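Student: sharing a sequence plus its predicted fold:
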Amino acid sequence: MMDAVLNYEEVSDNSGQQRLEDLQETIRKYNALISTSNTGSWEYFPKTGFWDCNSIYFSMLGRNINDYSFSGSKNLDERWTDLLHPDDREVAVSRFNNYLVDPDGMYENTFRMKHADGSWLWIRSSGGILKAKDAGNIDTLIGTHTNITQLIQAEEDTQQERILLRTLIDNLPDTIYVKDAEGRKIIANKTDVVTIGAKSEADVIGKTDLELFPNEIGLRGYQNDMDVLQSGKALLNKEEVFYDKNGNQHWLLTSKVPVIGEDGKATRILGIGHNITERKRSEEALNNLNRELNTQSEELSKQAEELKALNEQLIKQKEQELEKAIAQGKFEIASEVLHDIGNALVGFGSYLTRINRGIEKNNLDSIRNLNLFLKGQQMLIGGAIGDNKAAALISITEGIEKAQAENQREASASINELLNIVSHIQEILNIQRQFVRGHGGTHERKPVNIANIIDDSRSMLFASFDKRGVKLTINVKPGNHVIKGDHTKLMQVILNILKNSLEAIDMEKKDKSITVSLETMEDHISLKIVDTGQGFDEETSRRFFERGFTTKKSGTGLGLYNCRSIVESHAGSFNITSEGVGKGATTLIKFAI
C-alpha cells in the first residue's frame with residue numbers, strides 16, 4: 001500500500017489528461033493531510049489477508065516501514081495482531097473479524113499496541129469498507145490509527161482526581177454539598193447524609209430542603225438557597241439550628257457560595273456546614289457553671305462562719321469532757337462519760353459530714369483550670385461573644401478562684417482543728433476503757449441505723465483517708481438497716497475496722513482503696529469491708545481474736561477482741577479473712593433481724 005489509501009484505484013484515461021492531473025493533486029493533498037495529522041493509515045485485503053500501512057503507522061510505534069515486506073502475502077499477524085497487548089488481543093481481533101462478516105456502518109476499535117521501546121500505546125482504530133469500482137474486484141477495508149495514549153492517561157488522571165476529591169469530602173467532618181439552580185441537591189457527602197438522617201446519598205439527590213425538612217427548617221434553608229441563586233451573593237457563617245430524627249438539637253455554621261455561569265447568573269450552590277453544637281453547649285455549660293460557682297461561693301462563706309462557731313463549741317466541749325474523764329474513775333461514772341462522749345462524737349460526725357459535703361462542692365482545681373482555659377482561649381471566645389465579654393468572663397472566674405481559695409484555706413484550718421479535737425476525744429475514750437475493761441456494763445438499747453453509723457464513721461476518718469490518698473467507696477443498697485443496739489459501741493467497732501484497714505495499706509501502693517457494702521437480707525443485715533492492704537496468712541488469721549494478740553508494734557491486742565465481743569452482744573457474728581499476704585482483707589459482720 002502506498003502512503004495514500006486511494007492509490008489503489010485505477011485512473012481512467014477517459015476524462016483526459018486534466019482529470020488525471022486533478023486526481024494526482026487530490027492524492028498529494030491527501031498524503032500531506034495524513035502526514036501533518038500524524039495519523040497512521042492502513043488497508044486490509046480480506047481475500048489475500050494482506051495488511052498494508054503507511055509510514056506513520058509504523059513511526060508512531062517507533063518502527064520503520066522499510067523493515068517490513070510489501071510482497072502482498074498474508075501479514076496481518078506481523079503488522080497488527082502480534083503487536084496487540086495480550087489483554088486486548090482477543091476482544092480486538094474478535095471485533096475486527098465481526099466487522100468483516102457484517103460490515104455495517106463504521107468500524108471502531110480501541111486497544112493497546114507495543115512500541116519498539118517496550119511501552120504500550122493506546123490506539124483508536126477507525127475505518128470502513130471501500131467498495132471496489134468494478135463488480136469483479138474484492139472490497140477492501142481501509143482505516144486510520146490514532147495515538148490516544150495521552151487522552152486515555154488524561155481521562156485516568158481526571159478520574160483519579162475525582163476519586164481523591166470525593167474521598168476527601170466524604171471523610172471531612174463538615175457537611176459538604178452542591179445544589180443546582182432549582183435548589184436541588186446534586187452532591188452530598190457522608191456527613192451531610194448523616195446530618196439529614198438519610199440512609200444514602202441517593203435518598204437526598206434531586207431533593208430541595210423543602211422536601212428533606214418538611215418544616216420551618218426546610219423553608220428557611222430553601223429561602224436562603226433562592227436568595228443566593230437570585231442575588232449571586234454568598235451567605236457566610238450563618239448559625240442555623242436543626243433537629244435530628246431523635247429530636248436532639250444541633251447547630252451548624254453554614255456558608256453557601258454561588259457558582260456564576262458565563263451568562264452572569266448563578267447555576268450552582270456550593271455549601272459547607274461546620275457543626276458547632278459542642279461549642280454552643282459549652283457556652284451554655286459555662287454560663288451555668290458561672291451561676292453555680294457564684295452560688296457555691298456564697299454557701300462556702302456561710303459555712304466558714306459556721307465552722308468558726310463549731311470550733312469554739314467543740315473546744316469547750318473537749319475541755320469539759322477531758323476534765324470529767326480525769327476526775328471520775330469509777331465504772332458507773334466512766335460509763336456515763338463514755339455515753340456523753342459518744343453522743344458528742346455523733347454530733348461531731350454530723351457536722352463533719354456537712355463540712356465534707358461543702359468541701360466536695362468546692363472544686364478549686366476545676367475553677368483554676370477553667371480560668372486557665374479561658375485565658376488560653378480568650379481570642380477564640382472573644383471572636384464568639386466579643387472581647388469585652390471575654391475579658392469580663394475571665395475577670396469573674398479569677399475573682400471566684402480567689403474567693404474559693406480563701407474559703408478553702410479557712411475550711412482546711414478548721415478541719416485541722418477538728419482533727420485535733422478528735423485525737424483528744426479518742427484519748428478520753430482510751431482512759432475510760434481502762435476503767436470499764438473486764439466489766440459487762442449495760443446500756444439502754446435503742447433503734448440504730450447501721451447506714452448512719454457508717455456515714456458518721458466516714459466523716460470522722462475523712463481527713464485520714466484524704467491524707468493517705470486512700471479511696472473510700474460506700475455501697476448501701478436500699479432497705480431497712482435498723483437494729484436495736486448501742487450507737488456508740490457499734491461506731492467503735494466500725495471505726496476500729498476502718499482504722500485497721502487504713503493502717504494496713506502501704507502508702508506507696510498505687511491501688512489504695514477500701515470498700516464498705518451494706519445490704520439487708522431476709523433474716524440478717526450484712527456489713528462487708530474490703531481493703532487492699534497487706535492481708536495476712538492462715539496462721540495469723542487463727543490468732544486474730546486471742547486476747548492480747550496483735551500484729552502492730554504499739555497495739556494492745558484488744559481491738560478485734562473487743563469488736564467481736566460488741567458484735568456478739570448485738571446478736572451478730574464477726575469474721576475477718578484474707579487470701580494471703582499482700583492480697584488485702586475482708587471483714588464480714590452479720591446482725592440478726
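Tutor: Now that the structure is in, tell me what you want to look at.
Student: could you point out which residue ranges in the stretch 151-300 of the chain have low pLDDT?
Tutor: Across the stretch 151-300 of the chain, nothing is flagged by pLDDT under 70.
Student: again with the stretch 451-593 of the chain
Tutor: Along the stretch 451-593 of the chain, segments meeting pLDDT under 70 span 547-549, 552-558.
Student: what segments of it are helices?
Tutor: 487-504, 538-543, 559-569 (DSSP state H, counting those that start in this stretch).
Student: using TSV, lay out those helices together with mean neighbour count and distance to residue 205.
Tutor: Bear in mind the C-beta positions are built from the backbone N, C-alpha and C, glycine included. As requested, the helices of the stretch 451-593 of the chain are arranged in TSV below (neighbours: other CB atoms under 10 Å; distance: least, CB to CB, whole Å):
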stretch	mean neighbour count	distance to residue 205
helix 487-504	21	67
helix 538-543	11	75
helix 559-569	18	75
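Student: residues making contact with the helix or strand containing residue 177?
Tutor: Using DSSP states H and E, residue 177 sits within strand 175-179. Applying CB atoms under 8 Å, 6 or more residues apart in numbering, the contact partners of strand 175-179 are 169, 185-189, 191-192, 195, 208, 225, 252, 268-273, 275.
Student: 6 Å instead?
Tutor: By CB atoms under 6 Å, 6 or more residues apart in numbering, the list of residues contacting strand 175-179 from outside reads 169, 185-189, 191-192, 195, 268-273.
Student: how about stretch 140-150?
Tutor: 5, 39-45, 57, 60, 121-127, 129-130.
Student: now swap in stretch 209-219 and tell me
Tutor: Under the contact criterion CB under 6 Å, 6+ apart, stretch 209-219 has outside partners 196, 221, 222, 242.
Student: in helices only, show me these.
Tutor: 196, 221, 222 (DSSP state H).
Student: can I get the residues you listed in JSON lines including distance to residue 179?
Tutor: Shown next, in JSON lines, are the ones in helices among the contacts of stretch 209-219 (distance: CB to CB, whole Å):
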{"residue": "196", "distance to residue 179": "13"}
{"residue": "221", "distance to residue 179": "10"}
{"residue": "222", "distance to residue 179": "10"}
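Student: would you reformat the helices of the stretch 451-593 of the chain as TSV and include distance to residue 579?
Tutor: Putting the helices of the stretch 451-593 of the chain into TSV (distance: least, CB to CB, whole Å) gives the following:
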stretch	distance to residue 579
helix 487-504	14
helix 538-543	10
helix 559-569	19
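Student: who touches residue 92 in this structure?
Tutor: With contacts defined as CB under 6 Å, 6+ apart, the neighbours of residue 92 are 84, 109, 111.
Student: for residue 370, which non-adjacent residue is closest in space?
Tutor: residue 397 (5.8 Å; CB to CB, 6 or more residues apart in numbering).
Student: for the record, mean pLDDT for the helix or strand harbouring the one you found?
Tutor: According to DSSP H and E, residue 397 maps onto helix 387-436. Here helix 387-436 scores 66 as its mean pLDDT.
Student: just after it, pick out the following helix or strand.
Tutor: That would be, after helix 387-436 and using DSSP H and E, strand 446-449.
Student: for that next one, name the packing helices and strands.
Tutor: Applying 3 or more CB pairs under 6 Å, 6 or more residues apart in numbering; DSSP states H and E, one finds that strand 446-449 makes contact with strand 482-485.
Student: distance between the strand it packs on and the chain's centre?
Tutor: 51 Å (CA atoms, centre = their mean, to the nearest Å).
Student: next: stretch 73-86.
Tutor: Centroid separation between stretch 73-86 and its chain, computed with CA atoms, centre = their mean, is 61 Å.
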